[in-house]
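*Asks:* just to be clear, the model below is a prediction. Sequence and coordinates:
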Amino acid sequence: MAKFVDLKLSSVKFQYAKYANGRIAIMATDEGAPLCKCTVNIPETPIADDEVIIKDYSENEGVLQDMIELGIILAPRKMINTGYGCSAICKLLKTE
């Protein structure tokens, strides 16, 4: 599997925000420039307040494993089909 994004670079920082529906959004930046949006917001998919939906397909391939290894999220509790690929519902461990 080809890896498109490497979040384990020392210059990568994570920015946390909220989607309009209050769910947590996570963006990875590299030296201040956007690297990737790690999360997706799928309002019709129920998740807990401390969970996020991680996009790990297309240009985000490799994001899920990196975020687990960095201790930002736990391994997925469930995978869902988002229409373009599968995304992971994960418990969030770090919020800053």
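*Replies:* Okay, I see it. Numbering: from 1, shown residues only.

*Asks:* tell me the pLDDT of Phe4.
*Replies:* Here, the pLDDT recorded for Phe4 equals 71.

*Asks:* any idea which element it lies in?
*Replies:* Using DSSP states H and E, Phe4 sits in no helix or strand.

*Asks:* going forward, begin numbering at 27 instead of 1
*Replies:* Right, with 27 as the first residue, what we last looked at is Phe30.

*Asks:* what sits against it?
*Replies:* 84-88 (Cβ atoms under 8 Å, 6 or more residues apart in numbering). Heads up, the C-betas are built off the backbone N, CA and C, glycines and all.

*Asks:* buried subset of those residues as a ChimeraX selection?
*Replies:* Only the buried entries of the contacts of Phe30 go into this ChimeraX selection, using 16 or more other Cβ atoms under 10 Å:
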select :86,87,88
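
*Asks:* which one among the contacts of Phe30 gets closest to Leu33?
*Replies:* Gly88 (7.8 Å; Cβ to Cβ).
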